[in-house]
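Asks: sequence and predicted model, in that order:
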Amino acid sequence: MRFAPLKVIFLLIMLVSLVVRINKVDFPLSFGFAWGDGTRDYLVANHILKYGEKPIFGPYNLLFESGIYSSPLYFYLLSLMLLPFNYILTLSVINIFLQLTSIVLIYLIARKLFDTKTALIASVFFSFNPAVFQQSDYMWQPNLMQPVAFLGLYFLIQRHLVSFFLIALASAVHYCAFPWVFAFFLFCKKRKNYLWGLLIFIISFALFYSPILTLGFKGVDLKEEKMIINSFGNYFINLFSNIKEFFGTFKPYQSLLIFLSVTCLIYFFKSKGLAKQKRLTFLLLILFLAPIFAASFFNKLRPHYLTLSLGAFSILSAKIFTSLTSNLKVYFRVALFVLVLVFLTANFAFRKQFKSPFSNYRLIDNMTSDIKNELVSIQTKEGFADFSFFQIYSIAVTKTPFYYQTLDTILLVPLEDKLNQPLTKVLDSAYNHIQTGGKKYLLLACHKFIQSDPEACFKQFTGANQNHQIIKTIYQSNSLDIFLAKNTL
């Protein structure tokens, strides 16, 4: 009964976490990362269900578009989620609840390791972390991997061997869970658990990768692609860059938080206290640092490789906070908690991501309705039997504009639905799909990652498609312009 008020507080935390995320249920265009991965993943999962297509390779992972194929398990898990209701927004809703599940697991892990107060603070720190909040934008491999890995950690601290199956599952969903595999074995006190855990992990991971293993490993020479570091000097440069990248989430307080984190850790480990709590805190520190150390072997920074560090950091911060403020008066503790929360939320940065409900959906719906009208007009005039006369050509307008195939799916997904016709098929390639239509007409999609006039996009398009001439503007918006081009030969 004495913990009843704390349970009410936790329910309020979860309610607020849901409320601030609910308007994230939308067409999968990210607030900060809109490269088409969300629509690509839905497209493949939809084709598994609707057309019986069965991918053997999962998405490319591990840097660039020429990395290493992951397990196809991710796509099949998405298709299972779509069984009750196969719609583009379904994965968005499930993604929100998976993130809420991660918050609950952070609470349960912290409570099991330490106490309820630490668990409450950890859940707040995690829920309103700017990087965590951004994961609500759309379903993605690291986002799905995260609650699975947290569930594995929860069972691990209770010494259930199923934890090794779960970390194998998380690693198959996305490689950024791998650094935790080695950390998991540090929790094993008995040699028997260590050996059984190793066996379970190897068998499970081999099972999840069996489609790839039976056909032969497919990937690239990482050293030839200059993805792997070639000296200790490069490693330490990458290490400091990744630490900076992680704490960059908390701008403008990143330097202050690095200093406070190191200072508080030193003070915590030097202070008198229970040896068990310090050992558990040290293991949490390993869970926090393992993804950062592992990512530093590669010559490209990717914040999502550090996804699991966010959870460990939240629990670690909460434990240090409760330990260092335990002897303070309540109002001092509350004041310090608010101050730390301001730091760890970067001045409540999640507020900047609020938007009108379904704004992405309305944009894409209006855009593809205009595209459909244009395609129906062309079909009628030229007597095409169906809509197999066109393809999408998407250009990412950056400092150097370039064609990016995954962006095509942002339009392909809604157009397949509106035209009631498959425009793609699943392909075991870097982009997991290929368009099946002809190229008499091309829909040029200019994705404006920087503000620019259309000329930069046109120049790249005409250089790669010299036989096509842009004949019409179909739709224009702040982020995406659509033009119609026709083959003049």
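Replies: That came through, no problem. Residues are numbered from 1 along each chain as shown.

Asks: output the below-cut-off pLDDT ranges for the stretch 351-489 of the chain.
Replies: Along the stretch 351-489 of the chain, segments meeting pLDDT under 70 span 452.

Asks: now the strands for it?
Replies: Ranges of strands within the stretch 351-489 of the chain are 390-397, 402-403, 424-426, 433-435, 441-448, 468-476, 480-487, based on DSSP state E, counting those that start in this stretch.

Asks: note down every partner strand of the shortest one and its orientation.
Replies: Strand 402-403 sits in its sheet next to strand 390-397 (antiparallel), going by DSSP bridges.

Asks: and the protein, what are its domains?
Replies: Each domain of the chain is listed here as a residue range: 4-353, 359-487, per automatic domain parsing.

Asks: quick one: the helices in the stretch 101-250 of the chain?
Replies: 116-127, 130-134, 141-156, 162-173, 178-186, 191-208, 210-215, 232-247 (DSSP state H, counting those that start in this stretch).

Asks: which residues does the closest residue to Met367 other than its chain neighbours contact?
Replies: Closest residue to Met367 apart from its sequence neighbours, by CB to CB, 6 or more residues apart in numbering: Tyr475 at 4.7 Å. (C-beta placed from N, C-alpha, C; glycine too.) By CB atoms under 8 Å, 6 or more residues apart in numbering, the contact set of Tyr475 is 366-367, 370-371, 481-482.

Asks: ok, now with 7 Å
Replies: For Tyr475, the contacting residues are 367, 370, 481-482, by CB atoms under 7 Å, 6 or more residues apart in numbering.

Asks: and Tyr51, by the same measure?
Replies: For Tyr51, the contacting residues are Pro422, by CB under 7 Å, 6+ apart.

Asks: what do you get for Phe164?
Replies: When contacts are counted by CB under 7 Å, 6+ apart, Phe164 touches 184, 197, 200-201.

Asks: that older thread, weakest of the domains of the chain in terms of mean pLDDT?
Replies: Mean pLDDT per stretch puts domain 4-353 lowest among those, at a mean of 86.

Asks: who's in contact with Val132?
Replies: Val132 neighbours (CB under 7 Å, 6+ apart): 126, 310.

Asks: equivalent analysis for Pro414, please.
Replies: Counting by CB under 7 Å, 6+ apart, Pro414 has contacts 364, 368.

Asks: 150 is where my numbering starts, stick with that
Replies: Right, with 150 as the first residue, what we last looked at is Pro563.

Asks: next, format the strands of the stretch 500-638 of the chain as TSV and append distance to Phe327.
Replies: Shown next, in TSV, are the strands of the stretch 500-638 of the chain (distance: least, CB to CB, whole Å):
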stretch	distance to Phe327
strand 539-546	29
strand 551-552	30
strand 573-575	26
strand 582-584	26
strand 590-597	32
strand 617-625	42
strand 629-636	35
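
Asks: nearest to Thr412, out of these?
Replies: strand 539-546 (42.2 Å; CB to CB).

Asks: quick check: the residue lying closest to Phe282 once chain neighbours are set aside vs Leu485, distance?
Replies: Spatial nearest neighbour of Phe282, excluding adjacent residues (CB to CB, 6+ apart): Phe499 at 4.2 Å. Plainly put, Phe499 is 21 Å away from Leu485 if you go by CB to CB, to the nearest Å.

Asks: my read: Glu394 touches Leu450, true?
Replies: Yes - Glu394 lies in contact with Leu450 (CB atoms under 7 Å); the separation is 5.3 Å.

Asks: could you look up the SS state of the residue nearest to Phe282?
Replies: Look at Phe499: counting by DSSP: H, G, I helix; E, B strand; the rest coil, its state is helix.

Asks: burial count for it?
Replies: 19 (other CB atoms under 10 Å).

Asks: next: Lys588.
Replies: As a burial measure, Lys588 scores 16 neighbours (other CB under 10 Å).

Asks: check Phe446 too.
Replies: Residues contacting Phe446 under the criterion other CB under 10 Å number 14.

Asks: just the one 5 residues further on next, same as before
Replies: As a burial measure, the neighbour count of Arg451 was computed by other CB under 10 Å and equals 16.

Asks: equivalent analysis for Leu455, please.
Replies: Using other CB under 10 Å as the criterion, the residues surrounding Leu455 number 24.

Asks: roughly how far does it sit from Thr398?
Replies: Separation of Leu455 from Thr398 (CB to CB): 9 Å.

Asks: the stretch 400-549 of the chain: helices as residue ranges?
Replies: Using DSSP H, counting those that start in this stretch, helices in the stretch 400-549 of the chain cover 403-419, 424-444, 456-473, 479-493, 508-531.

Asks: got those helices as TSV, with mean neighbour count columns?
Replies: Below are the helices of the stretch 400-549 of the chain laid out as TSV (neighbours: other CB atoms under 10 Å):
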stretch	mean neighbour count
helix 403-419	14
helix 424-444	18
helix 456-473	24
helix 479-493	14
helix 508-531	16
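
Asks: can I get those helices in JSON lines with distance to Lys608?
Replies: Formatted as JSON lines, the helices of the stretch 400-549 of the chain follow (distance: least, CB to CB, whole Å):
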{"stretch": "helix 403-419", "distance to Lys608": "38"}
{"stretch": "helix 424-444", "distance to Lys608": "36"}
{"stretch": "helix 456-473", "distance to Lys608": "37"}
{"stretch": "helix 479-493", "distance to Lys608": "44"}
{"stretch": "helix 508-531", "distance to Lys608": "23"}
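
Asks: nearest to Ile245, of those helices?
Replies: The closest of the helices of the stretch 400-549 of the chain to Ile245 is helix 508-531. By CB to CB, the value is 14.6 Å.

Asks: what's the closest one packed up against?
Replies: In terms of contacts (3 or more CB pairs under 7 Å, 6 or more residues apart in numbering; DSSP states H and E), helix 508-531 is packed against helix 558-568, strand 617-625, strand 629-636.

Asks: do you know which of these lies nearest Arg260?
Replies: That would be, of these and by CB to CB, helix 558-568, which comes in at 40.8 Å.

Asks: quick one: buried residues of that closest one?
Replies: Buried residues in helix 558-568, counting neighbours by 16 or more other CB atoms under 10 Å, are found at 558-565, 567-568.

Asks: equivalent analysis for stretch 184-200, please.
Replies: So for stretch 184-200, counting by 16+ other CB under 10 Å, buried means 184-197.

Asks: how far does that stretch sit from the chain's center?
Replies: Put simply, stretch 184-200 sits 16 Å off its chain's centre (CA atoms, centre = their mean, to the nearest Å).

Asks: for it, list the C-alpha coordinates in PDB.
Replies: Taking Å, rounded to 0.1, in the frame of the first residue of the first chain, the C-alpha atoms of stretch 184-200 are listed here in PDB:
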ATOM      1  CA  TRP A 184      14.500   9.000 -46.400                       C
ATOM      2  CA  GLY A 185      11.700   6.600 -47.200                       C
ATOM      3  CA  ASP A 186      12.700   3.700 -44.900                       C
ATOM      4  CA  GLY A 187       9.300   3.600 -43.200                       C
ATOM      5  CA  THR A 188       7.400   3.400 -46.500                       C
ATOM      6  CA  ARG A 189       9.900   0.900 -47.900                       C
ATOM      7  CA  ASP A 190       9.400  -1.400 -44.900                       C
ATOM      8  CA  TYR A 191       5.600  -1.200 -45.200                       C
ATOM      9  CA  LEU A 192       5.800  -1.800 -48.900                       C
ATOM     10  CA  VAL A 193       7.700  -5.100 -48.500                       C
ATOM     11  CA  ALA A 194       5.500  -6.300 -45.600                       C
ATOM     12  CA  ASN A 195       2.400  -5.400 -47.600                       C
ATOM     13  CA  HIS A 196       3.600  -7.400 -50.600                       C
ATOM     14  CA  ILE A 197       4.300 -10.400 -48.400                       C
ATOM     15  CA  LEU A 198       0.700 -10.400 -47.300                       C
ATOM     16  CA  LYS A 199      -1.100  -9.200 -50.400                       C
ATOM     17  CA  TYR A 200       0.900 -10.800 -53.200                       C
END
